[in-house]
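> sequence and predicted structure below; questions after.
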Amino acid sequence: MISSPKILDITSIRNDFPILNEIVNGKQLLYFDNAATTQKPRLVLDALSGYYEHYNANIHRGIHHLAEKATAAFEESRRSMQRFVNSPLAEQIIFTYGTTDSINLVAQTYGRKFLKEGDEIIISTMEHHSNIVPWQMLCEEKGCILKVIPINEEGELLMEEYGKLLSERTKFVSVVHVSNALGTINPIKEIIEKAHAVGAKVLIDGAQASSHLTIDVQDLDCDFYSLSLHKIYGPTGMGVLYGKKELLDAMPPYRGGGEMIKEVTFEKTTYNELPYKFEAGTPNIADVVASKFALDYVESLGKENIASHENELLQHATNALKEIDGLRIIGNAKEKVSVVSFVIDGVHHQDIGVLLDQQGIAVRTGHHCTQPLMQRFGITGTTRASFAVYNTIEEVDRFVTGLRKVVKMLA
Amino acid sequence: MTINEAQDELIEDFELFDEWESKYEYIIDLGKQLPDLSEQYKTEDNIIKGCQSLVWLYAYMDGDLLKFEADSNAIIVKGLVNMLVKVLSGHTPEEIATADIYFMDRIGLHQHLAQTRSNGLASMLKQMRAYGVAFQARSLSN
């Protein structure tokens, strides 16, 4: 269904985010570090304190009122997450501490059980360290071989090269849906299809994609999808791993402890069913419960409406930044989310960050945990501005004016 | 000039600035004034890696005094490095090892020392003191 996006009332949306009223170095906070983490709307904050004020209890095993209420809210969040990614079953939604944790879970369970010496794992040049290191650790342990899909100057995957890397030796492909450093949206459906054609399984790192794009794991046919709630206006320390049921069933448990067991004797322990098999110990109940409210919030605004607003900010920022002498945008993919990364001739990104901060402007500078990607572009880091639904055109203008001032000071 | 006199002088200089712009323009100038460290001293041993920028620190004895030459690839950090060199270079190892560095705090630049991971400045100060301790021990054992 294609319908034209609705124009959002950004002034009213801004009122939902109390932190936007903060004063930083004497100026009103201008927050353009949304790719690192988004701010939280009032209803998420209320859900967090509401949980602790009214129904804090350990879940699943208690028989008293509070435990039942907390368990219900916890499992309701799982169903909400199920709808958010269109998972066939709620039990295919595993709660983790974040995307990094989700990827490690797959590498340490699926990877350790099913991959062996000489098997090949494919990642891409634009991966975050959290989608590189867990696979390197696995390769080191099992003797697997890591292969890397190259990119072009615009920051797009070279799909032909990807095709050449695929063979019957390829057993796993783990790629990012949206690059945190470049904003590139990767053609993951095609990546998944091609990997499946050679019998490989696919994990998608959806940390950056999930707040901007509609995620449909059934349509994508991915084997695993991972995301972090703190990047979708939700709490920190809360992530999700979606997996195909037959794979999750075949995977051994990751951590041992309470909650993940069926029966324990000193001779033998039998494990609980999905999803509990992977959720040892008391989970992050408050953040799981509050996550539902973040998803509700996103749903109430409409992802396509959010994306349309963010794209407008991206276009406006890109055009204005291009006017600055010596500025080069890193990442000019045709398909992008609202992330603009750039370098300026003769200016160190850290100096830009420090002087923008003096003006109350929060951006990210550095390598964005993508050192191999920075090496590919022959740079050590960039300055990155990333936009969320509560940002405005006026803020983009204030940022560009602030940046011009910085460039003048550093010249 | 003692270490504390040098710190007080910097504090006085910065009292002239009301605006962040003039304060940072001064730091940037200090960065530009500090001569680039000669390439022969930009070795792996002398590098202090921050997550975002790099600092090089070269230490040597000149008679009884411990002297520093330093550099950074980011200009604001280089200005701050220059200030630390101005304050600490050319004193005895003992004075350097035991110095109380308070000027950054007083000038309102403490966040730069706190950003351990991003700029390496806190590690640089620690390294300067460590040189003080090391050269002190060496002179005692001679």
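Perfect, thanks for sending it.
> count the residues that sit near whichever residue of chain A sits closest to chain B.
Using CB to the nearest CB, A:His348 is the residue of chain A that sits closest to chain B, at 3.8 Å. Quick note: C-beta positions are derived from backbone N, CA and C, even for glycine. Other residues within reach of A:His348 by the criterion other CB atoms under 10 Å in any protein chain shown amount to 25.
> does it touch B:Leu54 like I think?
No: contact status for A:His348 versus B:Leu54: not in contact, 9.8 Å apart, counting by CB atoms under 8 Å.
> between the two, what contacts are shared?
B:Asn73 (CB atoms under 8 Å, 6 or more residues apart in numbering or on different chains).
> on that earlier part again, check contacts around the residue of chain A closest to chain B.
Neighbour list for A:His348: B:53, B:73-75 [criterion: CB under 8 Å, 6+ apart].
> where does the chain dip in pLDDT?
Here I'm looking at chain A. For chain A, the stretches flagged by pLDDT under 70 are A:1-3.
> let me rephrase: I mean chain B.
Regions of chain B meeting the criterion pLDDT under 70 cover residues B:115-118, B:142.
> quick one: residues contacting the one residue in it that gets nearest to chain A.
Proximity of chain B to chain A (CB to the nearest CB) peaks at B:Ala74, 3.8 Å away. Listed by CB under 8 Å, 6+ apart, the contact set of B:Ala74 reads A:348, A:350-351, B:52-53, B:119.
> do you know how far it is from B:Ile27?
Distance from B:Ala74 to B:Ile27, counting by CB to CB, to the nearest Å: 11 Å.
> how about the residues of chain B near chain A?
The interface of chain B toward chain A, taken as CB under 8 Å from any CB of the partner chain, is made up of B:20-21, B:24-25, B:28, B:51-53, B:73-77, B:112, B:118-119.
> which of the residues you listed count as buried?
By neighbour count, with 16 or more other CB atoms under 10 Å in any protein chain shown, the residues of chain B next to chain A hold B:20, B:24, B:28, B:51-53, B:73-77, B:112, B:118-119 as buried.
> tabulate those in JSON lines, adding columns for secondary structure.
Below are those laid out as JSON lines (DSSP: H, G, I helix; E, B strand; the rest coil):
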{"residue": "B:Trp20", "secondary structure": "helix"}
{"residue": "B:Tyr24", "secondary structure": "helix"}
{"residue": "B:Ile28", "secondary structure": "helix"}
{"residue": "B:Cys51", "secondary structure": "coil"}
{"residue": "B:Gln52", "secondary structure": "coil"}
{"residue": "B:Ser53", "secondary structure": "coil"}
{"residue": "B:Asn73", "secondary structure": "coil"}
{"residue": "B:Ala74", "secondary structure": "coil"}
{"residue": "B:Ile75", "secondary structure": "helix"}
{"residue": "B:Ile76", "secondary structure": "helix"}
{"residue": "B:Val77", "secondary structure": "helix"}
{"residue": "B:His112", "secondary structure": "helix"}
{"residue": "B:Ser118", "secondary structure": "helix"}
{"residue": "B:Asn119", "secondary structure": "helix"}
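> mind picking the two most distant members of those residues?
Greatest spatial distance in these: B:Trp20 and B:Cys51, 23.7 Å, computed using CB to CB.
> can you count the residues close to A:Glu78?
Quick fix: residue A:78 is Arg, not Glu. Per other CB under 10 Å, the neighbour tally for A:Arg78 reads 20.
> before we move on, what about the one 10 residues further on?
Counted by other CB under 10 Å, the residues lying close to A:Pro88 total 12.
> do you have the helices of chain B handy? List them.
Per DSSP state H, chain B has helices spanning B:3-15, B:20-33, B:75-88, B:93-98, B:103-107, B:110-114, B:116-119, B:121-141. These are given in chain order.
> out of the ones you listed, nearest to A:Gly360?
Nearest to A:Gly360, of all the helices of chain B, is helix B:20-33, at 10.4 Å by CB to CB.
> near chain B, which residues of the stretch 251-400 of chain A show up?
A:348-351, A:353-355, A:358-359, A:365-367, A:381.
> between those, which has the most around it?
Counting by other CB under 10 Å, A:Asp351 has the largest number of neighbours within those, with 29 neighbours.
> which residues touch that one?
By CB under 8 Å, 6+ apart, the contact list for A:Asp351 reads A:406, A:410, B:74-77.
> would you reformat these as TSV and include distance to A:Val44?
As requested, the contacts of A:Asp351 are arranged in TSV below (distance: CB to CB, whole Å):
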residue	distance to A:Val44
A:Val406	33
A:Leu410	38
B:Ala74	36
B:Ile75	40
B:Ile76	36
B:Val77	37
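> wait, which of the residues you listed is closest to A:His212?
If you rank those by distance to A:His212 using CB to CB, A:Val406 comes first, at 27.5 Å.
> excluding chain neighbours, what is closest to the closest one?
Nearest residue to A:Val406 in three dimensions, chain neighbours excluded: A:Leu355, at 4.3 Å (CB to CB, 6 or more residues apart in numbering or on different chains).
> pull the distance from whichever strand or helix holds the one you found to the chain's centre.
Assignment of secondary structure by DSSP states H and E places A:Leu355 within helix A:349-357. Put simply, helix A:349-357 sits 25 Å off its chain's centre (CA atoms, centre = their mean, to the nearest Å).
> give the closest residue to A:Gln82 in space, chain neighbours not counted.
The shortest distance from A:Gln82 to any non-neighbouring residue, by CB to CB, 6+ apart, is to A:Ala90 (4.6 Å).
> for that neighbour, give me its contacts.
Contacts were defined as CB under 8 Å, 6+ apart; by that measure A:Ala90 touches A:75, A:78-79, A:82, A:275.
> just the closest of these to A:Ala307, please.
Distance to A:Ala307, by CB to CB, is smallest for A:Gln82 among the contacts of A:Ala90, at 21.9 Å.
> could you look up the SS state of the closest one?
Remark: A:Gln82 carries the secondary structure label helix [criterion: three-state DSSP].
> so it makes contact with A:Phe95?
No: the pair A:Gln82 / A:Phe95 is not scored as a contact, 11.8 Å apart, by CB under 8 Å.
> show me what the helix or strand encompassing A:Glu160 is packed against.
Following DSSP H and E, the helix or strand that holds A:Glu160 is helix A:159-165. Under the contact criterion of 3 or more CB pairs under 8 Å, 6 or more residues apart in numbering or on different chains; DSSP states H and E, helix A:159-165 touches strand A:120-124, strand A:145-149, helix A:188-197.
> counting neighbours, what do you get for the residue nearest to A:Val288 when sequence neighbours are not counted?
With CB to CB, 6+ apart as the measure, A:Ser77 is the residue that lies nearest to A:Val288, at 4.9 Å, once sequence neighbours are left out. For A:Ser77, the neighbour count with other CB under 10 Å is 28.
> before we move on, what about A:Leu274?
Neighbours of A:Leu274 (other CB under 10 Å): 19.
> residues in contact with it?
By CB under 8 Å, 6+ apart, A:Leu274 lies in contact with A:91-92, A:94, A:245, A:248-249.
> ok, now with 6 Å
With contact set as CB atoms under 6 Å, 6 or more residues apart in numbering or on different chains, A:Leu274 has these partners: A:91, A:248.
> how about the contacts of B:Ala74 in a markdown table, adding distance to A:Val148?
Formatted as a markdown table, the contacts of B:Ala74 follow (distance: CB to CB, whole Å):
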| residue | distance to A:Val148 |
| --- | --- |
| A:His348 | 28 |
| A:Gln350 | 28 |
| A:Asp351 | 32 |
| B:Gln52 | 24 |
| B:Ser53 | 27 |
| B:Asn119 | 30 |
